[in-house]
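A.B. asks: Sequence first, then the predicted structure:
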Amino acid sequence: RSHARLTYDTVAAIVADRNPQLRAEYAQLTPHLDGLYALYQAMRVSREQRGAMDFDTQETVIEYGADRKIERILPTERNDAHRLIEECMIAANVAAARFLQRQKMPGLYRIHEGPSEDRRNKLRAFLGELGLGLSGGDKPTPKDYTRLLEQIRDRPDAHLIQTVMLRSLAQAVYSPANVGHFGLALDAYAHFTSPIRRYPDLQVHRAIRHALNGGKPAEFPFTPVDLVGLGEHCSMTERRADEAVRDAVEWLKCEFMLDKVGQTFDGIITGVTGFGLFVELRGVFVEGLIHVTSLRNDYYRFDPVGHRLQGERSGQTYRLGDGVRVRVTRVDLDERKIDFEPVENEDSEAPRRRSRYPRRSRKE
C-alpha cells in the first residue's frame, strides 16, 4: 500500500534539505516524513548518549558499461535518509531481542563482544606511541572507544588510528547466548529485519510467532543445543558469503586494471605485513600489493605493533595510512592479484613520507 516511490536522495532532499519543489510534490507525505525525521534525530541523540561507535568508513559501488565491464568505481555517499532507515532497523532489531528476553524464548542473538586482552594490549601499545590512550582499564566500554574517536577526529592520522581501533574489535556472530552488542552499545540485539533476508531473521520470527501464539519456551521445537549449532553455522556462512563477494569483486577489479599495467597512481597504505604493503589507489579504490622484495636497497623489518615496515640501514618507514606513489607491474586474473612497485623521485599528490606520523584525513 505504498503511497509513493521514494528514494533515499528524494527523502533526504525533503526532510534535511527542505527542497520546496519536492515538499510540494509530496505534500501529503511531507508531515509524516518530517515526523519520522524528528524521531530519527531523537534516536541519534540516544545513540550518542549510550556511546554507540560510529566509525568513519567508506564503501564503494561499481558502475558497469555497455559491455558489462567495470566503467568506474565510485565512493557511496550516505545521507540522513540512509541513517534514518538504519536507526529504524536497529530499533526494530532491539525490540525483537527484548521481546524474546521478556518471553524467555530461546533465539539467535547478534552478539558482538568487546576487545580481548591481547587485542586491547596491542591497541594501547600502538596508541602509546602516539601519545594517546584508551580509558576504561581492563574493561573499556563503547563510550571509551567513542571518546577516543572524538579525540582523534581532526588529527591528520585519524584514519590510521581508526583502522587500528577497528581491528582491535571482535567480529559479530550469531549465538543463543546473549552477551549484548559492544559496537552498538546495546544489551540485546537480534537480526529481525534486514535488507537481505537471513536465516537468523527467520529463526527470530519463528520464536516470536511461537510466543504470540501462546506457546511456552519449553515447547519451542528448537532446543538451546540446536540454536548453538545454527548460530555457528550461520556465522560461518555469513563469512563465506562475504568472502565470495570479495572474490568476485577482486576478479572484476583485476579485469578493470588489465590495461593499466605500467601506469602510475597515488595510493594509501591500507595494510602492512611481513611480506609487504597493501595499497589502495586513490580515486580508483583498487587494492594491490607491494611485495617486500620490491622495496630495494635495504632490509625491511616488520613492526606489528607500529603497523610499519622499517629499513634497517636507511630508516625509511612505510606505515599504515601513509601515502605512496606506485606503478602497476602485474595483474593476475586467475590469482585475483595486482602487484605494485614504489615509484621514486616523481611528483605526486601523495609522496612517500619519512616522517614518523602520516598526515592524512579521509572518509572510509
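C.D. replies: Structure received. Residues are numbered from 1 along each chain as shown.
A.B. asks: show me where pLDDT drops low in this structure?
C.D. replies: When residues are selected by pLDDT under 70, those of the chain lie in 194-196, 345-364.
A.B. asks: now the strands for it?
C.D. replies: Ranges of strands within the chain are 60-64, 70-75, 109-111, 173-175, 264-273, 276-281, 287-291, 300-303, 308-311, 317-319, 323-332, 337-342, based on DSSP state E.
A.B. asks: And those strands: which comes nearest Cys88?
C.D. replies: Closest to Cys88 of the strands of the chain, according to C-beta to C-beta: strand 109-111, at 16.4 Å. To be clear about C-beta, it is placed using only N, CA and C from the backbone, and glycine gets the same treatment.
A.B. asks: what are the ranges of the helices in this protein?
C.D. replies: 8-15, 20-25, 30-50, 80-102, 117-129, 142-152, 158-167, 199-212, 224-257 (DSSP state H).
A.B. asks: Residues in a beta bridge with the closest residue to His291 other than its chain neighbours, which ones?
C.D. replies: Counting by C-beta to C-beta, 6 or more residues apart in numbering, His291 lies nearest to Gly276, which is 4.4 Å off, once chain neighbours are set aside. Here Gly276 sits in beta bridges with Thr273, His291, as judged by DSSP bridges.
A.B. asks: tell me, how many neighbours does Gln171 end up with?
C.D. replies: For Gln171, the neighbour count with other C-beta atoms under 10 Å is 9.
A.B. asks: Begin at 35, not 1, for the rest of this chat.
C.D. replies: Yes, from this point I'll number from 35; that puts the last item at Gln205.
A.B. asks: Against His239, how distant is the residue nearest the centre of the chain?
C.D. replies: In the chain, the centroid-proximal residue (C-alpha atoms, centre = their mean) is Thr91; its distance is 5.7 Å. To His239, Thr91 is 30 Å away according to C-beta to C-beta, to the nearest Å.
A.B. asks: what does Asp172 give?
C.D. replies: Separation of Asp172 from His239 (C-beta to C-beta): 38 Å.
A.B. asks: Those two: who's more crowded?
C.D. replies: Neighbour totals were compared for Asp172 and His239, and His239 leads with 15 against 6 (other C-beta under 10 Å).
A.B. asks: residues contacting that one?
C.D. replies: Applying C-beta atoms under 8 Å, 6 or more residues apart in numbering to His239 gives the contacts Phe226.
A.B. asks: List the buried residues in stretch 102-111.
C.D. replies: Residues of stretch 102-111 classed as buried: 104, 107 (neighbour count, 16 or more other C-beta atoms under 10 Å).
A.B. asks: So which residue of the protein lies furthest out from the middle?
C.D. replies: Taking C-alpha atoms, centre = their mean, the residue of the chain most remote from its mean C-alpha position is Gly248, at 39.7 Å.
A.B. asks: Next, the contact list for that residue, please.
C.D. replies: Neighbours of Gly248 in contact, by C-beta under 8 Å, 6+ apart: none.
A.B. asks: Please report how far it lies from Gln137.
C.D. replies: 11 Å.
A.B. asks: swap in Leu354?
C.D. replies: Applying C-beta to C-beta to Leu354 and Gln137 gives a distance of 46 Å.
A.B. asks: Specify which residue of the two has the higher count of neighbours.
C.D. replies: Comparing Leu354 with Gln137 by neighbour count (other C-beta under 10 Å), the higher total belongs to Leu354, at 23 against 17.
A.B. asks: Skip the chain neighbours and tell me the closest residue to that one.
C.D. replies: Among residues not flanking Leu354 along the chain, His341 sits closest, at 3.9 Å (C-beta to C-beta, 6+ apart).
A.B. asks: Next, give phi and psi for the one you found.
C.D. replies: Phi and psi for His341, reported as degrees, to the nearest 10, are phi 50, psi 60.
A.B. asks: What is the neighbour count of it?
C.D. replies: Neighbourhood size, His341 [other C-beta under 10 Å]: 23.
A.B. asks: again with Tyr71
C.D. replies: For Tyr71, the tally of surrounding residues (other C-beta under 10 Å) stands at 17.
A.B. asks: ok, the closest residue to it other than its chain neighbours - contacts?
C.D. replies: Distances taken as C-beta to C-beta, 6+ apart place Val49 nearest to Tyr71, at 3.9 Å, with adjacent residues excluded. By C-beta under 8 Å, 6+ apart, the residues touching Val49 are 67-68, 70-71, 114-115, 118.
A.B. asks: Distance to Glu266 added to these, as TSV?
C.D. replies: Below are the contacts of Val49 laid out as TSV (distance: C-beta to C-beta, whole Å):
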residue	distance to Glu266
Leu67	41
Asp68	44
Leu70	37
Tyr71	40
Asp114	37
Ala115	36
Leu118	34
